[in-house]
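**Student:** have a look at this prediction, sequence included:
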Amino acid sequence: MRLDKFLKVMMLIKRRTVANEMADEGFVKLNGRVAKPSAQLKIGDILEIDSWNMYKRIEICALPEKGSVAKQDVDKYIKLLEYKAKEDVF
């Protein structure tokens, strides 16, 4: 599954176009390297999302077979390894 679609389906980023832009601008890393929106993900990959207000480090545990995932099922697909809220953003 493509990186930008995965971010949208897992509700990590609200819109796929925003996920695409964040990856293009270097705010998303895949296994420690800046990732393109079209990067193909696999189980065991580590994603890092560094936005203006938070930092998340996530391990991919499974990939969804269909295009959407219920909110209560997200934990079956990803494991949150690290989360930091950024203070004093304004």
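**Tutor:** Arrived safely, thanks for sending.
**Student:** where does pLDDT dip in this structure?
**Tutor:** For the chain, the stretches flagged by pLDDT under 70 are 88-90.
**Student:** now the strands: where do they sit in it?
**Tutor:** For the chain, the strands defined by DSSP state E cover 28-30, 33-34, 46-50, 54-60, 78-85.
**Student:** and among those, the most buried is which?
**Tutor:** Greatest average neighbour count among the strands of the chain goes to strand 28-30 (a mean of 21), per mean count of other CB atoms under 10 Å. In this view, the C-beta of every residue, glycine as well, is placed from N, C-alpha and C.
**Student:** just checking: what are the partner strands of it?
**Tutor:** strand 33-34 (antiparallel), strand 46-50 (antiparallel) (DSSP bridges).
**Student:** ok, longest helix in the protein?
**Tutor:** Among the segments of the chain that qualify as a helix by DSSP state H, the longest is helix 16-24.
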